[in-house]
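S.K.: okay, predicted coordinates and the sequence, questions at the end:
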Amino acid sequence: MKFLSPNGHAIVGTAETILATARISDIDPETGEPEYEGGTDVHWDTQETLARNGHILFVCEQGDEWTFDQLRPHAATEDFEGATLSL
């Protein structure tokens, strides 16, 4: 079943956190600021779904986060070209 955010936007996924390592070439000895090299290694095995008060966070097409209890069901049907039409 498809769901919409409270403001009517399609839910497109879940909010996730993933550890990533931003590559550096040096560290300023006085400020401790890194000099970034430009690449980032993503550690996919650290991926975790985020939650708020024990409820999974879903993300709408506008980038806003919502818990399941805030979502509303979306009735939809397919037209002859496969596009989804709202009822």
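M.R.: In hand now; what should we look at? Residues are numbered from 1 along each chain as shown.

S.K.: now do the spatially most central residue of the chain, the pLDDT please.
M.R.: The chain has Ala15 as the residue nearest its centroid, 3.7 Å off, counting by C-alpha atoms, centre = their mean. Looking at Ala15, its pLDDT reads 98.

S.K.: ok, it - contacts?
M.R.: Thr49, Leu50, Leu57, Phe58, Val59, Glu65 (C-beta atoms under 8 Å, 6 or more residues apart in numbering). C-beta: built from backbone N, CA, C; applies to glycine.

S.K.: check contacts around the closest residue to the first one other than its chain neighbours.
M.R.: This points to Thr49. Of all residues beyond its chain neighbours, the one nearest Thr49 is Thr14 (5.1 Å), with distances taken as C-beta to C-beta, 6 or more residues apart in numbering. Residues in contact with Thr14, defined by C-beta under 8 Å, 6+ apart, are Thr49, Leu50, Ile56, Leu57, Phe58, Val59.

S.K.: tell me the first helix or strand C-terminal of whichever strand or helix holds Leu57.
M.R.: Per DSSP states H and E: Leu57 is located in strand 55-60. Downstream of strand 55-60, the next assigned helix or strand under DSSP H and E is strand 65-67.

S.K.: measure the residue lying farthest from the centre of the chain to Ser5 for me?
M.R.: No residue in the chain sits farther from the centre than Glu30, which is 36.4 Å out by C-alpha atoms, centre = their mean. From Glu30 across to Ser5, the span is 47 Å (C-beta to C-beta, to the nearest Å).

S.K.: tell me where the protein has strands.
M.R.: In the chain, the strands defined using DSSP state E lie at 2-4, 11-14, 16-17, 20-27, 34-42, 48-49, 51-52, 55-60, 65-67, 72-74, 76-78, 84-86.

S.K.: how far off strand 34-42 does the fourth one point, in degrees?
M.R.: Spelled out, that is strand 20-27. 150 degrees (axes from the mean of the first three to the mean of the last three C-alpha atoms, to 10 degrees).

S.K.: could you dump strand 20-27 to PDB, C-alpha only?
M.R.: Below are the C-alpha coordinates for strand 20-27, written out as PDB (Å, rounded to 0.1, in the frame of the first residue of the first chain):
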ATOM      1  CA  ALA A  20      31.300   7.500   5.800                       C
ATOM      2  CA  THR A  21      35.000   8.500   5.800                       C
ATOM      3  CA  ALA A  22      35.900  11.800   4.100                       C
ATOM      4  CA  ARG A  23      39.400  11.500   2.800                       C
ATOM      5  CA  ILE A  24      41.900  14.200   4.000                       C
ATOM      6  CA  SER A  25      45.400  15.000   2.900                       C
ATOM      7  CA  ASP A  26      46.600  16.900   6.000                       C
ATOM      8  CA  ILE A  27      45.500  18.400   9.300                       C
END
